[in-house]
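[1] Quick one: sequence plus predicted model below, questions after.
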Amino acid sequence: QKEVEQDPGPLSVPEGAIVSLNCTYSNSAFQYFMWYRQYSRKGPDLLMYTYSSGNKEDGRFTAQVDKSSKYISLFIRDSQPSDSATYLCAMSARTRTSYDKVIFGPGTSLSVIP
Amino acid sequence: NAGVTQTPKFRVLKTGQSMTLLCAQDMNHEYMYWYRQDPGMGLRLIHYSVGEGTTAKGEVPDGYNVSRLKKQNFLLGLESAAPSQTSVYFCASSYRRGAENIQYFGAGTRLSVL
């Protein structure tokens, strides 16, 4: 079983729709949870991050973490064509070494159709 | 504010040739990373560094070497390129604060090995 699983899509929605992107994970040691957005032929950019369980909202974006279910979500309200990108979840866990392990999901490709 | 800068942006090599990819960051981050990104595989960690003069192996280190002689620079070397090393390479850097490890990425280097 992979440490982080994410449906690769592609996901296609009409403009204005609510989008739900999800990741599941197996390692209960993960503490920080991040979402990155990657436009075509660009590097990933940090979109949101949360610590432990709960919700975090930033404009049209809401990140949710359910540690009991090992499940994280990113919701996009009023989706726009400019939201068309690949979304990668990522999570980090403290290790016994000085390196804090970060694992990335493979990404979900999203297209928002005008 | 440049953030993380990678050079070159594109490169085509013949099998057996060598090359060095350069990463520079201006955020005074302690940690630096090299990843490769392949379709369906997500981001895979090649090597990382937790400080100037230190390097360590990641998930897929074979065929690559790295050096971090200065805090702001992290070099990735391919001594004898193979077609299996055709990929998009991303450099990232991060600060360390507890288990928080938020990484900032460069724009990537597209490498083709013929």
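    Okay, I see it.

[2] When you work out contacts or count neighbours from here on, use the C-alpha atoms and nothing else.
    OK.

[3] Tell me the residues on chain B that lie near chain A, please.
    Contact residues, chain B versus chain A (C-alpha under 8 Å from any C-alpha of the partner chain): B:40-43, B:50, B:90, B:98-108.

[4] count of neighbours near the residue of chain A found nearest chain B?
    Closest approach between chain A and chain B, counting by C-alpha to the nearest C-alpha: residue A:106, at 3.8 Å. For residue A:106, the tally of surrounding residues (other C-alpha atoms under 10 Å in any protein chain shown) stands at 25.

[5] now residue B:78
    Neighbours of residue B:78 under the rule other C-alpha under 10 Å: 18.

[6] Helix, strand, or coil at residue 55?
    In the absence of a named chain, chain A is used. Assigned with DSSP: H, G, I helix; E, B strand; the rest coil, residue A:55 falls in the strand class.

[7] Chain B was what I was after
    Reduced to three states with three-state DSSP, the structure at residue B:55 is strand.

[8] Flag every residue of chain A that's near chain B.
    A:8, A:31-32, A:34, A:41-46, A:92-94, A:98-100, A:102, A:104-107.

[9] Buried residues, stretch B:85-96. List them.
    Residues B:85-96 are the ones in stretch B:85-96 that count as buried (16 or more other C-alpha atoms under 10 Å in any protein chain shown).

[10] Farthest-apart pair in those, please.
    By the measure C-alpha to C-alpha, B:86 and B:96 form the most distant pair in these, at 31.1 Å.

[11] OK, contacts around the residue nearest the centre of chain B?
    What sits nearest the mean C-alpha location of chain B, by C-alpha atoms, centre = their mean, is residue B:34, with 2.5 Å. By C-alpha atoms under 8 Å, 6 or more residues apart in numbering or on different chains, the residues touching residue B:34 are B:45-48, B:76, B:89-92.

[12] repeat that with 7 Å
    Counting by C-alpha atoms under 7 Å, 6 or more residues apart in numbering or on different chains, residue B:34 touches B:45-48, B:90-92.

[13] and if you look at residue B:24?
    So, once contact is read as C-alpha under 7 Å, 6+ apart, residue B:24 ends up touching B:4-6, B:72-74.

[14] Next: residue B:30.
    Shown in contact with residue B:30 (C-alpha under 7 Å, 6+ apart): B:50-51, B:94-95.

[15] go with 10 Å
    Counting by C-alpha atoms under 10 Å, 6 or more residues apart in numbering or on different chains, residue B:30 makes contact with B:49-52, B:71-72, B:93-96.

[16] Pick out the residue of chain B closest to chain A.
    For chain B, C-alpha to the nearest C-alpha, closest residue to chain A: residue B:42, 3.8 Å.

[17] which non-adjacent residue is nearest that residue?
    The spatial neighbour of residue B:42 that comes closest, neighbours along the chain excluded (C-alpha to C-alpha, 6 or more residues apart in numbering or on different chains), is residue A:106 at 3.8 Å.

[18] just to revisit the earlier point, inside helices: which ones of the contacts of residue B:34?
    Within those, no residue falls in helices by DSSP state H.

[19] Restricted to strands, list these.
    B:45-48, B:90-92 (DSSP state E).

[20] same for the lowest-mean-pLDDT helix or strand in chain A, what does it pack against?
    Comparing every helix and strand of chain A by mean pLDDT, DSSP states H and E singles out strand A:101-104 as the least confident one, with a mean of 84. Counting contacts by 3 or more C-alpha pairs under 10 Å, 6 or more residues apart in numbering or on different chains; DSSP states H and E, strand A:101-104 is packed against strand A:4-6, strand A:32-38, strand A:85-93, strand B:42-51.
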